[in-house]
Every structure is written in structure tokens, then in C-alpha cells.
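1. Attaching a predicted model along with its sequence, questions to come.
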Amino acid sequence: MHFILSFLLLNSTFLNGSTEKPFVLVELFTSEGCSSCPPADRLLSEIVDKEYNDVDVIGLSFHVDYWDYIGWKDPYADQIFTKRQRTYARKFYSNQVYTPQMVVNGKFEFVGSSRSKWENILGKLSAKEPKYSIDIQEWEIVNDELLIRVSSKNDNSVILNVALVERGLSQNVTRGENRGRLLSHDNVVRSFKTRQFDGQLNELRLQIPDDVKISNASLVVYAQNERSWEIIDAFKTPLVD
């Protein structure tokens, strides 16, 4: 990639992750090597495509790597995503991980293909407002990196997560449990960084993989409580309008 794209976010709606509507953030842990995962991938695609009147729904698809050994290496999998799922397992007092798994706002987890569980949780969360304030001062793409400058009006320390997600992906799987299937994915996490954040102005850098289609990519920034891992604010913007 050899270009520069820069946005200075002046509109307060975009500066502050706390928009007028409450948010719901969905993290799907999935794998192309898991035969139970395609229905969950389709559900996430429906979730992020649907317009909700009273809530902003943001979805991320984290592909884990522990299914790679059975014959198909998921090209979107990363051990960092597996580590993240294992941390959630500890927060939920579980000694195991599984796919597909959805985690909503860092508080609720369920089998990722369960539409009824998703709708039930959405009903419970739709009235809740953000508890934090993420200010995206500026972001820009320089060659193969995404640079984000973030601050907050809050001075308490949180975990800040920054993700580059890509929609409209598909893959012909030739081995493993999904052999012979064409799998489709949306909001796949292609690059991810997490760090402690005290609200002061920080610059974060994300590597942009060479095969990412910028027109299909978005930036997602979200904050979590350090102890509980509850999502307390979230922000999403496409990289290209």
C-alpha cells in the first residue's frame, strides 16, 4: 500500500464514542476449521447489516487458531485472538474455550449461532448508555499503517482496544471439517492492539495487511473496565465513506 489518507474528526458525534444512541458490542470467536461456526458467521453478518432504531450494534469476528491442527489453517486466525478468548473464559469462571462463541459487551457469553440468545440479550442492553468517553482526535493511513490518536475526558485507567475489521470476505475451504464449502465473513479482525489507557492523548499504530481492501474496512475502538472486562464505550467508523 502506498498512499496517505487522513481524517481530522471535528464533528462532536464522531469525536466522542458516546453517540446519542446506546451501543452494543459483539465479539464472535470463530474458525474456518469448525463445522459449527458458519451459522454463527452468518448471524454476525445479519447483526452488523441490520439497522437498529434504539441502539448502535458493532460486531467483530475474531478467528482463533486452535482448530488449525485438524487439516485447515484459517488464514484470518491469530493466537492473540485465542489468548483474548481465554481471558474471557477466566472472567466467566470457565476452564475451557469453544467455538462459535459470542461475547456481548464483555458481560454475556453464549453459543454464537443462537439467535434467541442474541435477541434476548439485545433487549436487556438496548437501554444502557456508555459509561466512558472515547475521543478519536484523528486517524490516518500512511503506507501500510493506520495511526490513531485517542484521548478521553475520563482520567480513570481502562483497557483500550483498537481493531481494523474487514467485511465481505470469502474463502474456499479445501480441507478440514468445512472441506468443499465457500465460507463468507464480515467484520473480520485483520489487525488488533490492546493496551492500558489513562485518558491522556495516545497515538496507536496498526499494521494493515497487504490484502486488506480499504473500501471494505472500518476502524473500531472500544474501552473495557480493567477488572470486569465490561465494555464501557465503543466507536466505529469506515475508513472510506
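-> Here it is on my side, so go on.
2. and the nearest residue to Ser151 once chain neighbours are set aside, how many residues sit next to it?
-> Closest residue to Ser151 apart from its sequence neighbours, by Cβ to Cβ, 6 or more residues apart in numbering: Leu201 at 4.3 Å. Where C-beta positions appear, they are placed from N, C-alpha and C, glycine not excepted. By other Cβ atoms under 10 Å, the residues close to Leu201 number 10.
3. likewise Tyr132?
-> Using other Cβ under 10 Å, the number of residues around Tyr132 comes to 22.
4. That one and Phe197, how far apart?
-> 10 Å (Cβ to Cβ, to the nearest Å).
5. so what sits against both of those two?
-> Common neighbours of Tyr132 and Phe197 are listed as 152, 158, 223 (criterion: Cβ atoms under 8 Å, 6 or more residues apart in numbering).
6. What residues are bridge-paired with the second one?
-> It stands for Val158. With DSSP bridges applied, Val158 shows beta-bridge pairing to Phe197.
7. pLDDT score for Asn11?
-> Per-residue pLDDT puts Asn11 at 30.
8. And the next helix or strand past the lowest-mean-pLDDT helix or strand in the chain?
-> Every helix and strand of the chain was ranked by mean pLDDT, DSSP states H and E. The lowest is helix 12-15, at a mean of 34. Going down the chain from helix 12-15, the next helix or strand is strand 23-30, by DSSP states H and E.
9. That next one packs against which elements?
-> helix 38-49, strand 56-63, strand 101-104, helix 115-125, strand 231-238 (3 or more Cβ pairs under 8 Å, 6 or more residues apart in numbering; DSSP states H and E).
10. could you say what helices and strands the shortest one packs with?
-> The helices and strands touching strand 101-104, judged by 3+ Cβ pairs under 8 Å, 6+ apart, are strand 23-30, strand 108-111, helix 115-125.
11. Let's have these in JSON lines, adding mean pLDDT, mean neighbour count and distance to Val240.
-> Formatted as JSON lines, the helices and strands packed on strand 101-104 follow (pLDDT from 0 to 100; neighbours: other Cβ atoms under 10 Å; distance: least, Cβ to Cβ, whole Å):
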{"stretch": "strand 23-30", "mean pLDDT": "96", "mean neighbour count": "26", "distance to Val240": "22"}
{"stretch": "strand 108-111", "mean pLDDT": "97", "mean neighbour count": "17", "distance to Val240": "33"}
{"stretch": "helix 115-125", "mean pLDDT": "91", "mean neighbour count": "15", "distance to Val240": "29"}
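12. Can you say which of the ones you listed is nearest to Gln207?
-> Comparing the helices and strands packed on strand 101-104 by their distance to Gln207 (Cβ to Cβ), the top pick is strand 23-30, with 20.5 Å.
13. Walk me through which strands that closest one pairs with, and which way each runs.
-> Strand 23-30 pairs in its sheet with strand 56-63 (parallel), strand 101-104 (antiparallel), by DSSP bridges.
14. and these as a markdown table, adding mean neighbour count, distance to Trp139 and mean pLDDT?
-> Formatted as a markdown table, the strands paired with strand 23-30 follow (neighbours: other Cβ atoms under 10 Å; distance: least, Cβ to Cβ, whole Å; pLDDT from 0 to 100):
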| stretch | mean neighbour count | distance to Trp139 | mean pLDDT |
| --- | --- | --- | --- |
| strand 56-63 | 24 | 16 | 96 |
| strand 101-104 | 24 | 25 | 98 |
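15. which one is Asp56 nearest to, not counting chain neighbours?
-> In space, Asp56 is closest to Phe23, 4.5 Å off (Cβ to Cβ, 6+ apart).
16. Okay, the most centrally placed residue in the chain and Val104: tell me how far apart.
-> For the chain, the residue nearest the mean C-alpha position is Leu60 (2.9 Å; Cα atoms, centre = their mean). Using Cβ to Cβ, Leu60 is found at 11 Å from Val104.
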